[in-house]
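Asker: Requesting a structural model of the entry that follows:
(4 chains)
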Number of protein chains: 2
Amino acid sequence: MPPKLKTATEREQLRTLIIDAARELFVARGVDAVTMREIAKRIGYSATSIYLHFADKEALLKAICDTDFLALATSLKNIMQIADPVERMQALGRGYAAFALTHPNHYRLMFMTAHAPIQPENSNLQQNSAEQDAYFQLKTVVSAVHSAGRFRADLQDVDLIAQTIWAGVHGVCSLQISMSCDKWVNWTDISARLQLMQTVMLRGLLREDK
Amino acid sequence: MPPKLKTATEREQLRTLIIDAARELFVARGVDAVTMREIAKRIGYSATSIYLHFADKEALLKAICDTDFLALATSLKNIMQIADPVERMQALGRGYAAFALTHPNHYRLMFMTAHAPIQPENSNLQQNSAEQDAYFQLKTVVSAVHSAGRFRADLQDVDLIAQTIWAGVHGVCSLQISMSCDKWVNWTDISARLQLMQTVMLRGLLREDK
DNA sequence: TTGTTAAATTAACAATGTTAAGTATCAATA
DNA sequence: TATTGATACTTAACATTGTTAATTTAACAA
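Answerer: Okay, the predicted model is just below:
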């Protein structure tokens, strides 16, 4: 029974309704395990209706990631207010990890799942925005620490430093997400692992003197 | 046309034939994109024949991982001969990364893909074997460095140290594998990132004095 | 009223993992 | 030697999936 014409905002609402339903299911059971029919049923539409808003399942997934990248950046916004750059950098690491570990399946979609590369031009997010781009937030902090002369003398490439810090935190989180129920390894406490990673990286990156 | 009876070794050969064909395809195009029929065609059998050797696709995947875990441990065996423990630890990190980056899709299957947890009891590999268990190799090295008194005084938990080192190298490798074609980030050279991660971790973990 | 467009639906397709049923070959036995 | 039965396969068949095509219904415009 296809009634009314829809205004632009109504279409937008339905779009986000689909996204939210899909994310909830993807996050609970993984992308491949969830069918288009199931997503549609959840919101009371037929499966084919989804194709009126998204080209295919991959496009739907990408739209979800887009909103989650924004959620990540938003969740880190307060942390960016901390005055001391080194403290801010540490807090950013903790905040990032908190996001990853409380939304492990979002995180998996965002950073651990193979999908077509994210091109800035076909994303709704603004690159290099302090509100929308988490990588920019990290780079900003690293840059501040660098300007404050707190890094060791041989560390000059801000991108390289940022990407290494990211890799360290990502390593702890992603290993936790994909391997923590593996019985082969005698896993230590996740917060201890995270803490040690942060300590080690700080000691390895910062000047000795103060 | 189903001929001959098969000896135990002939069955074993067919099993590894399936595994090798499946891995080659999985690695080239991802697990989900490869069909059972395709694997079968590759070796000149019908799809259903695979089910005479593996319960389902997941079991096949798991068998592949099993042989790849062994390949990883084997590839690190020579490194374990290096006399100096710190040098050995560094070389192990490089060796691990080399495996990950030259076999990114194997690596993805092994450490980045969600599958039923690996239980030591239903694996063909021997846990705590210097030849077959890469995590044991890492732990052995870390333990040696610890015994040599080269770690900082506050670092006493060998598992914790090993898992943090693992996380660091895994972070660099897995980020490279799943995100390196992402245009959002201005990626620096992978070997520079790996090098910095190793330097940072060593500086953060080892005693200052020598 | 008539036509056109929008929003949805149902029907249909080809492909997939998997199971069931069938078939040919060998080995042992009666 | 004829029969039995297991083994190693195959082909058929099924339910499910992503997706496309065809269809229906409602609203608006002329």
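Asker: wait, isn't A:Ala40 in contact with A:His53?
Answerer: No - checked against C-beta atoms under 8 Å, the pair A:Ala40 and A:His53 is beyond contact range at 11.1 Å. To be clear about C-beta, it is placed using only N, CA and C from the backbone, and glycine gets the same treatment.
Asker: Quick one: the helices in chain A, in order.
Answerer: Counting by DSSP state H, chain A has helices at residues A:8-29, A:36-43, A:47-50, A:57-75, A:85-102, A:104-107, A:134-147, A:158-179, A:190-205.
Asker: Figure out which of these is closest to B:Val86.
Answerer: Across the helices of chain A, the minimum distance to B:Val86, taken as C-beta to C-beta, is reached by helix A:190-205, at 14.7 Å.
Asker: picking that back up, mean pLDDT for the helices of chain A: which is lowest?
Answerer: Least confidently modelled of those is helix A:104-107, at a mean of 85 by mean pLDDT.
Asker: packing partners for that one?
Answerer: Based on contacts counted as 3 or more C-beta pairs under 8 Å, 6 or more residues apart in numbering or on different chains; DSSP states H and E, the elements that helix A:104-107 packs against are helix A:8-29, helix A:85-102, helix A:158-179.
Asker: Out of the ones you listed, which is the most enclosed?
Answerer: Mean neighbour counts were taken over the helices and strands packed on helix A:104-107 using mean count of other C-beta atoms under 10 Å in any protein chain shown, and the top value, a mean of 24, falls to helix A:158-179.
Asker: got the angle for that one vs helix A:85-102?
Answerer: Angular relation of helix A:158-179 and helix A:85-102 on a 0 to 180 degree scale: 30 degrees, by axes from the mean of the first three to the mean of the last three C-alpha atoms, to 10 degrees.
Asker: list the helices and strands helix A:158-179 packs on?
Answerer: Taking 3+ C-beta pairs under 8 Å, 6+ apart as the contact definition, the neighbouring helices and strands of helix A:158-179 are helix A:85-102, helix A:104-107, helix A:134-147, helix A:190-205, helix B:158-179, helix B:190-205.
Asker: any idea of the angle it forms with helix A:190-205?
Answerer: Comparing the axes of helix A:158-179 and helix A:190-205 via the same axes, to 10 degrees yields an angle of 160 degrees.
Asker: What angle do helix A:134-147 and helix A:158-179 make with each other?
Answerer: Interaxial angle of helix A:158-179 relative to helix A:134-147 (the same axes, to 10 degrees): 130 degrees.
Asker: Contacts only, for A:Thr199.
Answerer: B:Gly204 (C-beta atoms under 8 Å, 6 or more residues apart in numbering or on different chains).
Asker: any idea how far it is from DNA strand D?
Answerer: When distance is defined by C-beta to the nearest atom of the strand, to the nearest Å, A:Thr199 is 43 Å away from DNA strand D.
Asker: Same check on A:Glu58?
Answerer: In this view, A:Glu58 and DNA strand D are 6 Å apart by C-beta to the nearest atom of the strand.
Asker: related to what we said a few turns ago, can I get the helices and strands packed on helix A:158-179 in TSV with distance to B:Asp84?
Answerer: Written out in TSV, the entries for the helices and strands packed on helix A:158-179 read as follows (distance: least, C-beta to C-beta, whole Å):
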stretch	distance to B:Asp84
helix A:85-102	32
helix A:104-107	38
helix A:134-147	33
helix A:190-205	20
helix B:158-179	17
helix B:190-205	13
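Asker: of all the helices and strands packed on helix A:104-107, which lies closest to DNA strand D?
Answerer: DNA strand D lies closest, by C-beta to the nearest atom of the strand, to one member of the helices and strands packed on helix A:104-107: helix A:8-29, at 10.1 Å.
Asker: Need the contact partners of that closest one.
Answerer: Helix A:8-29 is contacted from outside by A:6, A:34, A:38-39, A:42-43, A:50, A:53-54, A:60-61, A:63-64, A:67-68, A:103, A:105-106, A:109, using C-beta under 8 Å, 6+ apart.
Asker: try it again with 6 Å
Answerer: Where contact means C-beta atoms under 6 Å, 6 or more residues apart in numbering or on different chains, the residues beyond helix A:8-29 that reach it are A:34, A:39, A:42-43, A:50, A:53, A:60, A:63-64, A:105-106.
Asker: Reformat those residues as a markdown table; add neighbour count and distance to A:Glu24.
Answerer: Conversion of the contacts of helix A:8-29 to a markdown table gives the following (neighbours: other C-beta atoms under 10 Å in any protein chain shown; distance: C-beta to C-beta, whole Å):
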| residue | neighbour count | distance to A:Glu24 |
| --- | --- | --- |
| A:Val34 | 20 | 9 |
| A:Ile39 | 22 | 9 |
| A:Arg42 | 16 | 8 |
| A:Ile43 | 14 | 10 |
| A:Ile50 | 23 | 15 |
| A:His53 | 18 | 17 |
| A:Leu60 | 23 | 13 |
| A:Ala63 | 20 | 14 |
| A:Ile64 | 22 | 10 |
| A:Asn105 | 19 | 10 |
| A:His106 | 21 | 11 |
